[in-house]
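>>> Build the 3D model from these lines:
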Amino acid sequence: MRIALICEVYLPKVDGVVGRTLNLIRHLQAAGDEVLVCCPAVPESRESPVPLAECRSFPCISYPDYHIGVPGPELVRRLREFAPDVVHFINPLAFGFAVCLQLRRVAFQAPLVFSFHTQYGEFVRTYPGLSWLSGILWHLMRAFHNTADVNLTVSQTMLEDLQRRGFERMQLWPPAVDSQKFSPALRDPHMRSRLAGNRPVQLLLLTVSRLAAEKNVGFLTEVLDRVPDGQLAVVGDGPERDALERRFAGRLATFPGCLTGNQLSQAYASADVFVYASETETMGNVILEAMAAGLPTVAAAAGGVCSLVQHGHTGFLFTPGRADEAAGYVRQLLENAELRQRMSAAARADACHRSWCSAVDAVRSSYRQACRIHRQHSELRPLSWLAVLISRLLILGFSLCTWRRTAVPRSITVQRIDAGVGQLPGPAAPRLTADVQPAEHANEPCSV
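Numbering: from 1, shown residues only. Below is the predicted model of the structure:
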């Protein structure tokens, strides 16, 4: 199959959605599929395992790592040249919806798959003065997702929630983790010492997260206050890091920063209990990674997390906002070695059954079903004028809040990414560039 991925975010950004996208690409390639990634341009160099069609973009002023792409006719030309069997929109918002409108404008015919990874409508509730946007974003997402032939999401809990919200043709993209990359065997005393701030520690708590308001990491201060001997390592980075370091001051907490690759795997394996406070996860990749490393989890009983953690078996789920309840579960695990070991083994066993191979097989099956549905229903599904208006205002709003538009770096080597089991077959793919502003215009204000 020939698959075009429309990515809201892509390399070099590191987050759960990008990681899931890369694992999808690796296994699609292993199955012999051809993949093209369409994404916003970024100023940094990046390496990709597949060709890129990049659109001019501008950074979000409140989150500069997030670049908002503005697609134009050149992207349509690239897609026509590629002639995809399926177009898969991964976690669409401003860029993804703009691409969708562009394709509808020229009556581009291809089976469409949308996948839902982020509860944008709930995220805005965590930012002061933006909670009124929640209903608007949910309306926008539902309207665009319902133009697809198939919709995917990454946990059974979210699938059922989206169906209740009126999302149609929902299917599951099963949770998955690389249980060789994340394993208890990677426990490392030097990493443990680093996570503990080079202090001797009997038991070590760990959280791994993007440090942004919607991840609710600050809630863990209330948990630590109720577990006086609890030592916590906060792995990750983001716009809230400075504020969080101030908030955790005076407590046994360290901020090792963003860890990737083998260092991240060692960090999971070198801790004893994983704690997670986010209440807006569609799944929680970091929880699966922690489980694969043999960590029992204490997490908020909200969103897709409830599909991963078996309460009392692989970890504990606490009532959102109840720090006393969360701290009680943490103390149980810290004080009861037998319980901790039993949950560790159960978490590891559960994660080992969630392979990327079977997850991507399910996605490929959804692609084939989207093709069948498209043959039976090839005309464009209706999209309300309100959804079109909101999507355009969304990009306009972002653009009015910035003073800079990015350009694509001129010379970047594109390499295939090691899948962890040897190099995948096939030659390195060329980089394709679409809708790129010349470098001399990179600092002009953006207009839409």
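>>> Okay, buried residues for stretch 98-110 please.
Residues of stretch 98-110 classed as buried: 98-103, 108, 110 (neighbour count, 16 or more other CB atoms under 10 Å). The way it works is simple: take the backbone N, C-alpha and C, and place the C-beta from them, glycine included.
>>> what residues does it touch?
4, 6, 38, 69-73, 75-76, 79-80, 84-87, 89, 92, 112, 144, 147, 374, 378, 380, 383, 388, 391-392, 395 (CB atoms under 8 Å, 6 or more residues apart in numbering).
>>> Buried members of the residues you listed into PyMOL, please.
In PyMOL, a selection of the buried entries from those looks like this (16+ other CB under 10 Å):
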select buried, resi 4+6+38+69+70+71+75+76+79+84+85+86+87+89+92+112+144+147+374+383+388+391+395
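>>> Which of the contacts of stretch 98-110 fall within strands?
Members of those lying in strands (criterion: DSSP state E): 4, 6, 38, 69, 86-87, 89, 112.
>>> what's the farthest-apart pair in those residues?
Across those, the longest distance by CB to CB is 20.2 Å; it joins Gly69 and Val86.
>>> if we can go back for a sec, among the buried residues of stretch 98-110, which pair sits farthest apart?
The farthest-apart pair in the buried residues of stretch 98-110, when distances are taken by CB to CB, is Ala98 and Ala110, at 16.9 Å.
>>> Around Gly218, count how many other residues there are.
A count of neighbours around Gly218, defined by other CB atoms under 10 Å, yields 15.
>>> contacting residues for it?
With CB under 8 Å, 6+ apart, Gly218 has these contacts: 240, 243-244, 247.
>>> filter those to the buried ones?
Using 16+ other CB under 10 Å as the burial test, those include 240, 244 as buried.
>>> so which of the contacts of Gly218 comes closest to Ser344?
Comparing the contacts of Gly218 against Ser344 with CB to CB picks out Leu244 as the nearest, at 27.5 Å.
>>> doesn't Leu232 make contact with the closest one?
No: the criterion here is CB atoms under 8 Å, and Leu244 misses it with Leu232 at 11.3 Å.
>>> Count the residues that sit near Thr319.
By the criterion of other CB under 10 Å, Thr319 has 11 neighbours.
>>> wouldn't it be in contact with Ala301 here?
Yes: with contact defined as CB under 8 Å, Thr319 and Ala301 form a contacting pair (6.3 Å).
>>> And the helices in the stretch 201-350 of the chain?
Assigned by DSSP state H, counting those that start in this stretch, the helices in the stretch 201-350 of the chain fall at 220-226, 241-247, 261-270, 285-292, 323-335, 337-352.
>>> how about the ones you listed, which one is nearest Leu205?
Leu205 sits nearest to helix 323-335 of all these, at 6.9 Å, using CB to CB.
>>> which residues touch the closest one?
For helix 323-335, contacts defined as CB under 8 Å, 6+ apart pick out 203, 205, 219, 222-223, 225-227, 229-230, 272-273, 275, 277, 296, 298, 300, 316, 318-319, 339-340, 343.
>>> 7 Å instead, please
Helix 323-335 is contacted from outside by 203, 205, 219, 222-223, 226-227, 230, 273, 275, 296, 298, 316, 318-319, 339-340, using CB atoms under 7 Å, 6 or more residues apart in numbering.
>>> same thing with stretch 252-260?
14, 194-197, 224, 230-237, 241, 245, 267.
>>> repeat for stretch 151-161
By CB under 7 Å, 6+ apart, the residues outside stretch 151-161 that reach it are 113-117, 145, 162, 167-173, 175, 282-283, 303-304, 306-307, 363, 366.
>>> what do you get if the cut-off is 8 Å, keeping everything else the same?
With CB under 8 Å, 6+ apart as the criterion, stretch 151-161 contacts 20, 113-117, 145, 162, 167-175, 282-283, 303-308, 363, 366.
>>> taking these one by one, which sit in strands?
Using DSSP E, the members of these that fall in strands are 113-116, 170-172.
>>> out of those, who's nearest Glu214?
If you rank these by distance to Glu214 using CB to CB, Phe116 comes first, at 15.8 Å.
>>> Hmm, Met141 and the closest one touching each other?
Yes: using CB under 8 Å, Phe116 makes contact with Met141 at a distance of 7.3 Å.
>>> quick one: low-confidence ranges for the chain?
62-63, 399-448 (pLDDT under 70).
>>> What residues sit buried inside the longest helix along it?
Ranked by residue count, the top helix of the chain under DSSP state H comes out as helix 356-376. Buried residues in helix 356-376, defined by neighbour count with 16+ other CB under 10 Å: 356, 359-360, 363-364, 366-367, 369-371, 373-374.
>>> what's the angle from that helix to strand 86-90?
Comparing the axes of helix 356-376 and strand 86-90 via axes from the mean of the first three to the mean of the last three CA atoms, to 10 degrees yields an angle of 120 degrees.
>>> For Leu396, grab the count of nearby residues.
For Leu396, the neighbour count with other CB under 10 Å is 14.
>>> Number of residues surrounding the residue lying closest to Pro296 once chain neighbours are set aside?
What sits nearest to Pro296 in space, not counting adjacent residues and going by CB to CB, 6 or more residues apart in numbering, is Met343, at 3.6 Å. Met343 has 26 neighbours, counted by other CB under 10 Å.
>>> got the contact list for Met343?
Met343 neighbours (CB under 8 Å, 6+ apart): 296, 313-315, 333.
>>> again, only this time at 10 Å
Counting by CB atoms under 10 Å, 6 or more residues apart in numbering, Met343 touches 273, 291, 294-297, 309-310, 312-316, 332-333, 336.
>>> Can you pick out the most distant pair from these?
Using CB to CB, these reach their maximum pairwise distance at Met291 and Asn336, which is 18.7 Å.
>>> Which residue of these two possesses the greater neighbour count?
Taking neighbours as other CB under 10 Å, Met291 and Asn336 compare with Met291 leading, 31 against 12.
>>> Helices along the stretch 51-200 of the chain, start to end?
Secondary structure of the stretch 51-200 of the chain by DSSP H, counting those that start in this stretch: the helices cover 73-82, 94-105, 120-123, 133-145, 156-164, 189-195.
>>> For those helices, could you give me JSON lines that also reports distance to Arg348?
As requested, the helices of the stretch 51-200 of the chain are exported to JSON lines (distance: least, CB to CB, whole Å):
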{"stretch": "helix 73-82", "distance to Arg348": "41"}
{"stretch": "helix 94-105", "distance to Arg348": "36"}
{"stretch": "helix 120-123", "distance to Arg348": "30"}
{"stretch": "helix 133-145", "distance to Arg348": "35"}
{"stretch": "helix 156-164", "distance to Arg348": "21"}
{"stretch": "helix 189-195", "distance to Arg348": "18"}
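>>> which of those sits most buried?
Per residue and on average, the most neighbours among those fall to helix 94-105, with a mean of 22 (mean count of other CB atoms under 10 Å).
>>> Next, the angle helix 73-82 makes with that one.
Using the same axes, to 10 degrees: helix 94-105 against helix 73-82 is 70 degrees.
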